[in-house]
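> curious how this folds, go ahead:
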Amino acid sequence: MPISSSTFIHIVFLLLGSTLFAFGYMEQLQLVWEAFFLLWFGTFSLLQVFFERWSSNRWYPWLLRILSVLSLSSIIGALYLSTWPAISSMSSSWQYGVLFIWGILLFLCAQFAQESHIRTHVFLVCWFPFLYLLGMIPQIHSYTNGSIWILGCSLLFEGFLRAIWSLYRPIQVLPQTIPYLFFHRVDPLRSFFSALQEKLGIDVQGAQAFMFARRATVPLTAFLFIFLWLLSSFVLILPHETGLRYQFGVPDTNTLNPGVHIKWPWPWGEIQRVPSSRILSMKIGHEEEENGEEEEEESILWANQHAEEEFSLLMGDQVNLIAVDGTLQYQISDARQYLLSWQNPEEQLEGIAYQILSRYCAQRTLRDALSENLQILADDVLKQIQQKAVALELGLMPISFTFSALHPPVSVARDYQSVVSAQIDQQSTIIRAQAYRIKSIPRAKIEAQEERVDAQKEAMERISKAKGEAQAFRGLYETVNSDRELYLFQRRLDVLKKNLKGRRMTIIDHALEKEGATLWIED
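Numbering: from 1, shown residues only. Next comes the predicted model:
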């Protein structure tokens with residue numbers, strides 16, 4: 001049985017899928033390639049090769065449309081679940097290479113769709129991953145990222161409607177529009193001129209210019225592809241990069257300095273470049289933002305969320321948790337070790353940092369950790385990370401490590417702040433009481449000393465006074481004992497002097513009257 005053009009195209013699809021899988025592209029694109037090739041092209045190819053008679057059955061187009069909807073659903077789910085690390089880590093030349101492969105698949109798919117009368121579905125299913133891959137290129141990522149999901153959902157909704165509608169309405173050939181102009185034949189140029197001749201009656205294929213262009217197209221295209229293929233032998237290493245050359249999969253012993261270098265053409269030769277002169281950084285304690293937009297200033301408050309997902313470490317008391325946020329800056333010190341020793345040195349370095357921080361937390365309580373000097377702790381952590389990185393030959397040299405926050409988990413941060421505030425108030429009250437004690441005790445001692453000195457002074461005065469009075473009394477006693485009448489007379493005179501002091505008085509001598517004198521007293 002002769003092989004039809006559609007069967008030949010399906011065989012080409014199977015061979016192309018097997019080739020891509022052998023070279024590793026299927027492994028790089030993972031879910032999308034599996035959903036696209038295995039579900040869509042694999043099913044259609046098997047149906048066309050082994051059950052080509054089914055094409056006359058009305059259930060066959062309906063089955064094709066159902067499978068197109070499932071294929072599109074799988075692709076949308078794959079794009080949602082996958083973060084595309086393989087494509088985003090590719091260089092620009094590899095990204096454009098993947099786009100070129102998708103362009104070839106788009107052309108073949110449109111050709112198959114034109115013959116099977118389901119052009120729209122296959123065209124859109126091919127176009128959707130192509131646009132998504134196009135969005136992975138940084139220059140146009142911001143313009144296509146949002147519109148891709150809208151396009152995919154709308155196509156999925158349309159596919160379901162068409163699949164259900166096909167159960168009650170015969171499948172009709174879609175109008176011959178722009179896809180018909182370029183894809184109703186295998187050769188796009190011949191398809192275009194054939195459509196012009198059918199629609200407008202213009203026979204361009206018989207012109208001399210067209211005949212010359214037609215004869216020169218194949219050799220010129222072949223020369224262009226060979227020239228582009230030979231250009232893959234030249235690789236430019238930028239000033240901040242270091243390269244390592246691979247010849248037939250075997251790496252050279254020496255690294256390459258910045259400049260233009262030659263290698264074997266793809267796929268026999270390859271030069272991998274690493275930014276060895278740049279200072280790289282990674283976040284410790286929480287995952288980095290996936291988008292490339294500039295991040296806002298990070299909050300340093302305990303109760304505020306620092307990132308979408310923060311990691312907590314268990315403390316030594318086996319009860320408390322602590323969130324550690326920091327930044328580790330490092331540099332690629334040995335490009336050969338970096339590329340050959342480990343599959344992902346950055347993840348290994350991040351694991352070392354978490355291992356050291358976990359060991360540090362396991363040896364301390366939460367109170368000890370929060371009262372630690374962060375600068376001294378950061379220097380100690382950096383020193384241990386450097387020793388571990390050198391021992392494991394990661395090809396990376398940590399330069400600095402800084403703590404941006406060291407706090408309890410955000411879910412209990414407010415409660416912990418209340419406890420800490422109460423403890424601070426307690427300590428403040430104790431400090432104020434101690435200050436008052438330190439200030440009051442010396443003052444009380446001084447006052448007590450002054451009281452003691454005054455009491456001693458008064459005691460001495462009273463004792464001296466008592467001694468004086470006792471001495472005076474003793475003298476008086478001796479005087480009385482020696483001449484009692486004289487003492488009484490003297491005491492009488494003292495009393496009279498005291499009582500008559502400041503008064504007018506008249507003194508009369510009784511002897512005058514005895515002698516016959518007469519007294520005349522006038523006021």
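
> what's near enough to touch residue 251?
Residue 251 sits next to 244, 245, 336, 339, 340 when contact means C-beta atoms under 8 Å, 6 or more residues apart in numbering. Glycine gets a C-beta too; all of them are placed from N, C-alpha and C.

> ok, residue 313 next?
Contacts of residue 313 by C-beta under 8 Å, 6+ apart are 321, 322, 323, 324, 357, 358, 361.

> secondary structure, pLDDT and neighbour count for the residues you listed - can I get that in a markdown table?
A markdown table is the format used below for the contacts of residue 313 (DSSP: H, G, I helix; E, B strand; the rest coil; pLDDT from 0 to 100; neighbours: other C-beta atoms under 10 Å):
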| residue | secondary structure | pLDDT | neighbour count |
| --- | --- | --- | --- |
| 321 | strand | 73 | 15 |
| 322 | strand | 76 | 21 |
| 323 | strand | 75 | 21 |
| 324 | strand | 80 | 24 |
| 357 | helix | 86 | 24 |
| 358 | helix | 85 | 13 |
| 361 | helix | 81 | 22 |
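
> closest one to residue 449 out of those residues, please.
Closest approach between those and residue 449, by C-beta to C-beta: residue 322, at 53.8 Å.

> residues in contact with residue 262?
233, 234, 235.

> give me the buried entries from the residues you listed.
Buried subset of those (neighbour count, 16 or more other C-beta atoms under 10 Å): residue 235.

> let's see which of the contacts of residue 262 end up in strands.
234, 235 (DSSP state E).

> what is the nearest of the contacts of residue 262 to residue 493?
Closest to residue 493, out of all of the contacts of residue 262 and judged by C-beta to C-beta, is residue 235, at 141.2 Å.

> the closest one touches residue 263, doesn't it?
Yes. Assessed by C-beta atoms under 8 Å, residue 235 is found in contact with residue 263 at 6.3 Å.

> what is in contact with these two at once?
Common neighbours of residue 235 and residue 263 (C-beta under 8 Å, 6+ apart) are residue 271.

> who are the packing partners of the helix or strand where residue 468 lies?
Element membership for residue 468 (DSSP states H and E) is helix 413-482. Judged by 3 or more C-beta pairs under 8 Å, 6 or more residues apart in numbering; DSSP states H and E, helix 413-482 is in contact with helix 484-499.

> which residues sit against the helix it packs on?
476, 479, 480.

> what about residue 261, distance to residue 226?
21 Å (C-beta to C-beta, to the nearest Å).

> quick one: which of the two has more around it?
residue 261 (16 against 11; other C-beta atoms under 10 Å).

> so the more buried one sits in a strand?
Yes. According to DSSP: H, G, I helix; E, B strand; the rest coil, residue 261 belongs to a strand.

> spatially nearest residue to it (excluding sequence neighbours)?
residue 235 (5.4 Å; C-beta to C-beta, 6 or more residues apart in numbering).

> check contacts around that neighbour.
243, 260, 261, 262, 263, 271, 273.

> how does the chain divide into domains?
5-169, 235-274, 280-288+303-408, 484-514 (automatic domain parsing).

> picking that back up, now the contacts of residue 262 as a markdown table including distance to residue 423 and pLDDT?
Converted to a markdown table, the contacts of residue 262 look like this (distance: C-beta to C-beta, whole Å; pLDDT from 0 to 100):
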| residue | distance to residue 423 | pLDDT |
| --- | --- | --- |
| 233 | 70 | 85 |
| 234 | 67 | 85 |
| 235 | 62 | 85 |
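
> now tabulate the contacts of residue 262 in CSV and tack on distance to residue 494.
Below are the contacts of residue 262 laid out as CSV (distance: C-beta to C-beta, whole Å):
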residue, distance to residue 494
233, 144
234, 141
235, 136
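
> taking the contacts of residue 251 one by one, which sit in helices?
Within those, residues falling in helices by DSSP state H are 336, 339, 340.

> and the second one, what does it touch?
Spelled out, it's residue 339. 244, 251, 272, 274, 395.

> can you tell me which of those residues are in strands?
Filtering the contacts of residue 339 for strands - DSSP E - leaves 244, 251, 272, 274.

> residue 280: which of these is nearest?
Looking across the ones in strands among the contacts of residue 339 and measuring by C-beta to C-beta, the closest to residue 280 is residue 274, at 10.1 Å.

> ok, the closest one - contacts?
Residue 274 touches 241, 242, 243, 244, 332, 335, 338, 339, counting by C-beta under 8 Å, 6+ apart.

> tell me the pLDDT at the third one?
So that's residue 243. Looking at residue 243, its pLDDT is 90.

> wait, it sits on residue 273?
Yes. Counting by C-beta under 8 Å, residue 243 touches residue 273, with 4.9 Å between them.

> the two: which has the busier surroundings?
Under the neighbour definition other C-beta under 10 Å, residue 243 and residue 273 were set side by side, and residue 243 has more, 24 against 20.

> nearest residue to the more buried one in space, ignoring adjacent ones along the chain?
Closest to residue 243 by C-beta to C-beta, 6+ apart is residue 256, at 3.7 Å.

> any idea how far the one you found lies from residue 248?
17 Å.

> neighbours of residue 265, just the number please.
13.

> kindly apply the preceding question to residue 491 instead.
12.

> same question, residue 281
Around residue 281 there are 14 residues (other C-beta under 10 Å).

> secondary structure element for it?
Going by DSSP H and E, residue 281 is in strand 280-284.

> that strand pairs with which strands, parallel or anti?
strand 321-332 (antiparallel) (DSSP bridges).

> against residue 241, how distant is the residue nearest to residue 337 when sequence neighbours are not counted?
Nearest residue to residue 337, sequence neighbours excluded (C-beta to C-beta, 6+ apart): residue 395, at 3.3 Å. Distance of residue 395 to residue 241, computed by C-beta to C-beta: 14 Å.

> ends of stretch 493-504, what's the gap?
17 Å (C-alpha to C-alpha, to the nearest Å).

> still on that earlier bit, quick check: phi and psi at the residue nearest to residue 243.
As for residue 256, its main-chain torsions (degrees, to the nearest 10) stand at phi -110, psi 140.

> wait, it touches residue 271, no?
Yes. With contact defined as C-beta under 8 Å, residue 256 and residue 271 form a contacting pair (6.8 Å).

> shared neighbours, those two?
With C-beta under 8 Å, 6+ apart as the test, residue 256 and residue 271 both reach 237, 243, 244, 245.

> pLDDT weak spots in the stretch 151-300 of the chain?
The stretch 151-300 of the chain contains residues with pLDDT under 70 at 151-190, 193, 196-197, 199-214, 216-217, 286-300.

> repeat that with 90
The model of the stretch 151-300 of the chain has pLDDT under 90 over residues 151-242, 244, 246-273, 276-279, 281-300.

> ok, now the stretch 401-523 of the chain?
Ranges of the stretch 401-523 of the chain meeting pLDDT under 90: 401-429, 432-459, 461-462, 464-523.

> let's see that with 50 instead.
For the stretch 401-523 of the chain, no stretch is flagged by pLDDT under 50.

> follow-up on the earlier one: want to throw the contacts of residue 339 into TSV with distance to residue 431?
Output for the contacts of residue 339, formatted as TSV (distance: C-beta to C-beta, whole Å):
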residue	distance to residue 431
244	62
251	65
272	62
274	56
395	53
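
> state the distance from residue 374 to residue 464.
On the measure of C-beta to C-beta, residue 374 and residue 464 end up 72 Å apart.
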